[in-house]
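In: Sequence plus the predicted model coming up.
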Amino acid sequence: MTTLVMKFGGTSVGSAARIREVAQIVASRRGAARVVVVSAMAGVTNSLFEMAEAARVHNLDKAIQLLSKVEQIHLEAARSLEIATPECIGNIKEIIENLQRRMQGIDLLGELSQRTMDEIASAGERLSSILVANFMRCPLVDARSIIRTDSHFGSARPKLAAIKKLVALHLVPLLESYDVVVTQGYIGSDEEHDTTTLGRGGSDYSAGLLGAALQAREIEIWTDVEGIMTADPSIVPAARTIEVLSYDEAAELASYGAKVLHPATVRPALDAGIPVTIRSTFKPDGMFSTISPGESSGRPCVAIAMRRNVVILSITQESMTDQAGFLARLFEVFGRRGISVDLVSTSEISVSVSLDKSAPLDVLTEELEKLGKVSIAHDRAVIAVVGDLLRKTPAVLHTTFMAIDGIPVDLISMGANAINLSFIVQEQDAERAMRNLHAAFFEEGAQ
């Protein structure tokens, strides 16, 4: 059985009109069994988080107002799609009523656990999937019955072997009888059957996991742009679609701020050797990007990516080289708190690392001052030059440094796989650096 996994993001299912377009796109993919993975309607997940927080601080009126707005969005879409049957409306209202009880409980206790937040956040995908499945008149599979995870609520880790078994049990039999099956992205459940989420953007990850479990022919990620771009087009208007890139290139771009693809999406597809395409629901026949095993763009630089909201934390100790295990003790502090370190730079007496500004800097400073003098540089951004040929074309380094000449650089790092050259600049200089680099590599007169 040939299977195609098609994931549609929040803007793609953001209105009744968009859902009609999704149905047309899915119908055009005849010749394969199709698993349609949907996100929450655009803006709904944010409303759910805001609603839960309002209830936590005892602003129940605001929480109920937000919930009512979420309900109306879905009821109006159901009416517009002409699927407002008693069953469909009943399924929507059941979720809404459960959310209302949750809000009342949170307001009463003044507590909001991550476990409860995952249950609340999952409602967005569950509501949108009701609309899509009813409009396309196909079975709806609750993703919590097939995506098994650990209990790390808020950013759960999938259990691949369990997912494969559950997909074979609950999804494959339906695909043998139906051309199209709908499920939710972003959500799963742990061994206790408590609802979990895969983190923001996790619908892409869900598509990758299901594609791998099904050995799909292809995983299609449908979004609001024509593939992965050579840079953020809102910063660099001349940015264009990358037609072909490797898994490694895509993973680097995703982890360094390219918002089109969740960083974890690529891993299960890579392991299964399944191509991933990034397409636009607004231009179904337009340009798209293909991420394929063993292939690359064939250019020294495939794209420029940027991540804002970065800080540099530096630890200086005059006798660092005399203390065995200094780095081990340093990173043990980060590991104990589950904090990811991005870039690392070392010298004879100091170590500098880049962190997201949301990291608990006060707590880290207090702990790390036991190892040395700590300083923090705020308002920084990471710029990444990504390309499979960095290791083969030394001229890339020359082009990069010429492009950012005159822009102060705090830290430089080359990835271990030699396809990512990253550096940190002040956030106020980041967009200029992006534009200069894009001009040097991709625009008229570029190498």
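Out: Here it is on my side, so go on. Numbering: from 1, shown residues only.

In: Residue 69 and residue 50 touch, don't they?
Out: No - the pair residue 69 / residue 50 is not scored as a contact, 10.4 Å apart, by CB atoms under 8 Å. (Each C-beta comes from the backbone N, C-alpha and C, glycine too.)

In: can you map out the helices along the stretch 201-350 of the chain?
Out: Assigned by DSSP state H, counting those that start in this stretch, the stretch 201-350 of the chain shows helices spanning 202-214, 247-255, 266-272, 326-336.

In: and what of the stretch 1-150 of the chain?
Out: So, for the stretch 1-150 of the chain - with DSSP H, counting those that start in this stretch - the helices run 16-27, 44-56, 60-80, 86-109, 114-121, 123-136.

In: Take these and write them to a markdown table, including distance to residue 231, mean neighbour count and mean pLDDT.
Out: Putting these into a markdown table (distance: least, CB to CB, whole Å; neighbours: other CB atoms under 10 Å; pLDDT from 0 to 100) gives the following:
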| stretch | distance to residue 231 | mean neighbour count | mean pLDDT |
| --- | --- | --- | --- |
| helix 16-27 | 26 | 17 | 98 |
| helix 44-56 | 26 | 20 | 97 |
| helix 60-80 | 33 | 18 | 98 |
| helix 86-109 | 39 | 16 | 97 |
| helix 114-121 | 31 | 20 | 97 |
| helix 123-136 | 30 | 25 | 99 |
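
In: Residue 367 is nearest to which of the ones you listed?
Out: Nearest of the helices of the stretch 1-150 of the chain to residue 367, taken as CB to CB: helix 114-121 at 23.3 Å.

In: what angle separates the closest one from helix 44-56?
Out: 130 degrees (axes from the mean of the first three to the mean of the last three CA atoms, to 10 degrees).

In: Which secondary structure elements does helix 114-121 sit against?
Out: Applying 3 or more CB pairs under 8 Å, 6 or more residues apart in numbering; DSSP states H and E, we find helix 114-121 packed against helix 44-56, helix 86-109, strand 195-197.

In: Can you give me the first-to-last residue distance of stretch 6-17?
Out: Taking CA to CA, to the nearest Å as the measure, stretch 6-17 stretches 18 Å from start to finish.

In: if you skip the residues just before and after it, what's nearest to residue 44?
Out: Nearest non-adjacent residue to residue 44, counting by CB to CB, 6 or more residues apart in numbering: residue 124, 4.2 Å away.

In: What score does residue 323 have for pLDDT?
Out: Residue 323 carries a pLDDT value of 57.

In: So for residue 274, which of the helices of the stretch 1-150 of the chain sits nearest?
Out: helix 16-27 (18.7 Å).

In: And the contacts of the closest one?
Out: The contact list for helix 16-27 (CB atoms under 8 Å, 6 or more residues apart in numbering) reads 6, 8, 11-13, 34, 36, 76-77, 80-81, 131-132, 135-136, 180, 222, 281, 284.

In: ditto for stretch 141-150
Out: In contact with stretch 141-150 (CB under 8 Å, 6+ apart) are residues 122, 125-126, 156-159, 162-163, 166-167, 170-171, 174, 181-191, 193, 195-196, 198, 206, 209-210, 213.

In: between the helices of the stretch 201-350 of the chain, which gets nearest to residue 434?
Out: Using CB to CB, the helices of the stretch 201-350 of the chain put helix 247-255 closest to residue 434, at 13.2 Å.

In: Show me what the closest one is packed against.
Out: Packing partners of helix 247-255 (3+ CB pairs under 8 Å, 6+ apart): helix 266-272, strand 289-292, strand 303-316, strand 373-386.

In: what's the angle between it and strand 303-316?
Out: Using the same axes, to 10 degrees: helix 247-255 against strand 303-316 is 70 degrees.

In: Mean confidence (pLDDT) on stretch 169-186, please.
Out: Here the average pLDDT along stretch 169-186 is 98.

In: Quick one: end-to-end distance for it.
Out: Note: stretch 169-186 ends 20 Å apart using CA to CA.

In: and that stretch, which residues are buried?
Out: 171, 174-175, 180-186 (16 or more other CB atoms under 10 Å).

In: Which of those sits closest to residue 276?
Out: Nearest to residue 276 among the buried residues of stretch 169-186 is residue 185, at 14.3 Å by CB to CB.

In: pretty sure residue 66 is touching residue 49, no?
Out: No - contact criterion CB under 8 Å: residue 66 and residue 49 do not qualify, at 9.8 Å.

In: what mean pLDDT does the helix or strand encompassing residue 424 have?
Out: Element membership for residue 424, per DSSP states H and E: strand 420-426. The pLDDT scores in strand 420-426 average 93.

In: Using PDB, write out the CA atom coordinates for the helix or strand following it.
Out: Next along the chain after strand 420-426, taking DSSP H and E as the criterion, comes helix 427-442. Output of helix 427-442 as PDB, limited to C-alpha atoms (Å, rounded to 0.1, in the frame of the first residue of the first chain):
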ATOM      1  CA  GLU A 427      20.500  42.100  17.700                       C
ATOM      2  CA  GLN A 428      20.400  45.600  16.200                       C
ATOM      3  CA  ASP A 429      22.900  44.400  13.600                       C
ATOM      4  CA  ALA A 430      21.300  41.100  12.800                       C
ATOM      5  CA  GLU A 431      19.100  42.100   9.900                       C
ATOM      6  CA  ARG A 432      21.900  44.100   8.200                       C
ATOM      7  CA  ALA A 433      24.100  41.000   8.500                       C
ATOM      8  CA  MET A 434      21.400  38.800   7.000                       C
ATOM      9  CA  ARG A 435      20.900  41.100   4.000                       C
ATOM     10  CA  ASN A 436      24.600  41.500   3.400                       C
ATOM     11  CA  LEU A 437      25.200  37.800   3.400                       C
ATOM     12  CA  HIS A 438      22.200  37.000   1.200                       C
ATOM     13  CA  ALA A 439      23.400  39.600  -1.300                       C
ATOM     14  CA  ALA A 440      26.900  38.100  -1.300                       C
ATOM     15  CA  PHE A 441      25.700  34.500  -1.800                       C
ATOM     16  CA  PHE A 442      22.500  34.700  -3.800                       C
END
